[in-house]
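Colleague: Okay, predicted coordinates and the sequence, questions at the end:
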Amino acid sequence: MELTLEETLNWLSAEVNSFSEMNGSLTEEAFFQVFTDEIIAAGEIDNADRCYFKKLGMRIDGYGSDPIDSDNELNVIVADYSPSETIENVNKLDIENVCKRSANFISKCLSQDFINEMDVSSPEYGFADMVRLRWKDISKIRIIFITNKSLSIRKTEFHPSPVLGIKSEFICWDINRLQQYKNSGKEKEPISIKLEDFGGAISALNATNPNDLCESYLCIMPGDTLAKIYEKFGNRLLEKNVRVFLQARKKSVNDGIKTTLEEEPGMFFCYNNGLTATSCNIEKSLTNHGIAIDTIDDFQIVNGGQTTASIFYSSKRNIDLSNVKVQMKLTVVEEKKSQDIVPKISEYANSQNKVNKADFFSNHPFHREFKKLSDLKSAPPAPGSNQITYWFYERVRGEYAETRQKKSTPERKAFDNIYPRKQLVTKTDLSIVLNSFAGYPDVVSKGAQKSFQHFSGLIREEWEKQGSDNKKFNDQYFISSMGKVLIFRIFEKLVSSQEWYEKGGYRRNIVTYSLSKLNIILRQKGIELNFEKLWKNQSINEDLQEILLLIGREAQNHIENPPEGTIKNRTEYAKKKTCWDLFKKTDIKLPEKFDSFTIKKSEALKIRKEGIKIKKMDNEFSSQMQVINYGGNFWTKVLEFSNQNNLLLKNDWILLRNASSLPKSISKFNDRDWKNLLKLLERARNKGFNK
């Protein structure tokens, strides 16, 4: 069900109010966080740090990342939030003022006197100092305007003036664009490219057979066209799950590609492996020279990021690309098939490169398993209530809102009672919390996407270590994970209410550093958090609150006072491993009030072992029921297919023959046989069995 503009506004307002209430933050701060989470997911930027500064003629609300980590682009964020329940308009004059005020502030950042007027511990001081230090490296300034209003000018692309000679670009995310993104159903905002805007249609050869699942084309992409497309869309072109590897930086331009572009541009097609790309739809025409592709919708480069970036940066050095041609394999995948097929194209296209399989984690079975646990495990009622609730794990982005939207008004009230908004956990939420407790606060401080990529590696490694049973990911794992989420969120709200905390400061950094430090302190004492008690109470007690706030105060002091010789920007300092290494060594005097919220390590180990034992029994029963439910006729077909394709050893043949007689032959099987039958089925499917 698609959201109307009014429903999008209502959804956004509800998210902002919920975030503000859960974290104890100002509405404007909550709006910044909620909206930037959306544009990060859409691929507009990789990270967003709040940095509010407003004086006469100057205004910014935040920034993306350090320019050296963002293709030498300075991403400045300006927010305009209205509490109105109706949609207001933004006009051309408003946009001009946004651009002028942000440009004025950026220009002022080059003045040391201006910087010295700021509080040295404030985010705006750190941002200004970073701009001054990075100015010579900045190639473009992107002014990103986020608002819950509607842009009411005919031409949506507004071109601001350069800032002290550096090209500027204005990007508007208003309520209309947010609505389009939410309704697209995509994890990221789709990119639609009209090739006439970038140099003209590209030649293509159809490489599709009649029975193929997808259309495939071999294309010739002019170097100039590719450079212009990358200049417009940047890393949004690079398939999100492998962006950690493909992310193109000026410093990593391949020397071989560079030499060919400069000395033998006509040989580029021969020497370079080209690109592998996907699309959900194309528009093409037939010319005297064959097929010409005019439009590519949801264009994503899944292999060839370094080639793309190298060509772009060569164009910036005024290298002539007119004779450069790039081969491109373009696969057109229907939207309903893209979730299954595109990740495989990404993985296989990158199989000869050093791409960690964790980069394809968004489609990993861990999410399905964790979602299953969240669906089955109810939370105890709150004190004085009989209402059973559930934590809602959002495996697919937007799943919570979509599920709620599909229900009638009376059903929504029941849904809100059973799945309260405060118990919604997204994939990135989970990664931020579990990385914090695992001792990676520097990674968490780099933003949701970097945190998720790191979490991906940890979970995939553990998943593969566990084998097909994956007994570790059980009820106890889910309970402890939600307990950690609970602590994280309550602590965020506690920090917001402290006198020593400045609104809009380094709350996320304080929280993640404190929880990492807490875990070290508990480990040194031979104790662990009592997650069973946390789960039962769905809250944390006063002793834990006191301990956390004492650690939090120390964390803030540490982050706000980087040692000599380190970066002055506190937000950027918190992203450095040096910051965490030093805080790990910090001695913090704490009262001995641990007994009320901890248990001995040996007791915690016993609980985990019991969870593994129960999960093992569940797995065995699940495998047995799955095999039996397929039925004897199904297993006869598996046997015939496997036999015809020489897939079976003698024992495999006997096992499948017995399965063909199910349910009569059930007594012939042991626990191991059920799992082996499922492996034989997987083998057959990998070889083409599709019943």
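Modeller: Yes, it's here.
Colleague: In space, what's closest to residue 604 - neighbours in sequence excluded?
Modeller: Nearest non-adjacent residue to residue 604, counting by C-beta to C-beta, 6 or more residues apart in numbering: residue 528, 4.2 Å away. C-beta coordinates here come from the backbone N, C-alpha and C atoms, glycine included.
Colleague: In which helix or strand does that neighbour reside?
Modeller: Here residue 528 sits within strand 527-529, counting by DSSP states H and E.
Colleague: ok, that strand: who's next to it in the sheet?
Modeller: The partner list of strand 527-529 in its sheet, established with DSSP bridges, is strand 598-600 (antiparallel).
Colleague: any chance you could map the strands in the stretch 301-450 of the chain?
Modeller: In the stretch 301-450 of the chain, the segments counted as strands under DSSP state E, counting those that start in this stretch are 325-332, 378-379, 389-390, 392-394, 424-426.
Colleague: Which of these has the highest mean neighbour count?
Modeller: Ranked by mean neighbour count under mean count of other C-beta atoms under 10 Å, the strands of the stretch 301-450 of the chain are led by strand 392-394, which reaches a mean of 22.
Colleague: Any stretches of the stretch 151-300 of the chain with poor pLDDT?
Modeller: Flagging of the stretch 151-300 of the chain using pLDDT under 70 yields the residue ranges 154-157, 185-187, 239-255.
Colleague: cool, and the chain?
Modeller: Filtered on pLDDT under 70, the chain yields the residue ranges 1, 154-157, 185-187, 239-255, 335-362, 468-469, 503-504, 615-621, 691.
Colleague: biggest helix in it by residues?
Modeller: Among all segments of the chain classified by DSSP state H, the helix with the greatest residue count is helix 601-630.
Colleague: following that helix, which helix or strand shows up next?
Modeller: Helices and strands here follow DSSP H and E; after helix 601-630, the next one along the chain is helix 632-644.
Colleague: List of residues touching the next helix-or-strand element following that following helix?
Modeller: Reading on from helix 632-644 to the C-terminus, the next helix or strand found by DSSP H and E is helix 650-659. With contact meaning C-beta atoms under 8 Å, 6 or more residues apart in numbering, helix 650-659 is reached by 627, 632, 635, 638-639, 642-643, 648, 665, 668-669, 673, 676-677, 680.
Colleague: I'd like the strands of the stretch 301-450 of the chain written out as TSV, with distance to residue 486 added.
Modeller: Formatted as TSV, the entries for these read as follows, by distance: least, C-beta to C-beta, whole Å:
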stretch	distance to residue 486
strand 325-332	43
strand 378-379	10
strand 389-390	12
strand 392-394	14
strand 424-426	10
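Colleague: Out of those strands, flag the one nearest residue 464.
Modeller: Between residue 464 and these, the shortest separation by C-beta to C-beta is 21.5 Å, and it involves strand 392-394.
Colleague: can you list the residues that contact that closest one?
Modeller: Under the contact criterion C-beta under 8 Å, 6+ apart, strand 392-394 has outside partners 367, 370-371, 373-374, 400, 419, 423-427, 430.
Colleague: buried sites along whichever strand or helix holds residue 19?
Modeller: Assigning secondary structure by DSSP H and E places residue 19 in helix 5-23. For helix 5-23, burial by neighbour count (16 or more other C-beta atoms under 10 Å) applies to 8-9, 11-13, 15-20, 22-23.
Colleague: measure stretch 586-603 end to end?
Modeller: By C-alpha to C-alpha, to the nearest Å, the extent of stretch 586-603 from end to end equals 28 Å.
Colleague: Only the buried residues of that stretch, if you could.
Modeller: Applying a neighbour-count criterion of 16+ other C-beta under 10 Å, the buried positions in stretch 586-603 are 588, 594, 597, 598, 599.
Colleague: ok, now which ones touch the first one?
Modeller: Applying C-beta under 8 Å, 6+ apart to residue 588 gives the contacts 517, 521, 550, 551, 554.
Colleague: Just send the residues you listed back as a markdown table, with secondary structure, neighbour count and distance to residue 274 too.
Modeller: Converted to a markdown table, the contacts of residue 588 look like this (DSSP: H, G, I helix; E, B strand; the rest coil; neighbours: other C-beta atoms under 10 Å; distance: C-beta to C-beta, whole Å):
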| residue | secondary structure | neighbour count | distance to residue 274 |
| --- | --- | --- | --- |
| 517 | helix | 24 | 49 |
| 521 | helix | 14 | 53 |
| 550 | helix | 15 | 57 |
| 551 | helix | 24 | 52 |
| 554 | helix | 20 | 53 |
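Colleague: Can I get those in a markdown table including distance to residue 584?
Modeller: What follows is the contacts of residue 588, written out as a markdown table (distance: C-beta to C-beta, whole Å):
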| residue | distance to residue 584 |
| --- | --- |
| 517 | 7 |
| 521 | 10 |
| 550 | 17 |
| 551 | 12 |
| 554 | 12 |
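Colleague: What is the nearest of the residues you listed to residue 75?
Modeller: Proximity to residue 75 was ranked across the contacts of residue 588 by C-beta to C-beta; first place goes to residue 517, at 30.8 Å.
Colleague: how much space is there between that closest one and residue 426?
Modeller: Between residue 517 and residue 426 the distance, using C-beta to C-beta, to the nearest Å, works out to 25 Å.
Colleague: ditto for residue 110
Modeller: In this structure, residue 110 and residue 426 are separated by 39 Å, where distance is defined by C-beta to C-beta.
Colleague: Against residue 405, how distant is residue 14?
Modeller: Separation of residue 14 from residue 405 (C-beta to C-beta) stands at 11 Å.
Colleague: Same check on residue 20?
Modeller: To residue 405, residue 20 is 22 Å away according to C-beta to C-beta.
Colleague: Residue 146 now?
Modeller: For residue 146 relative to residue 405 (C-beta to C-beta), the value is 23 Å.
Colleague: More neighbours: which of the two?
Modeller: Neighbour totals were compared for residue 146 and residue 405, and residue 146 leads with 26 against 14 (other C-beta atoms under 10 Å).
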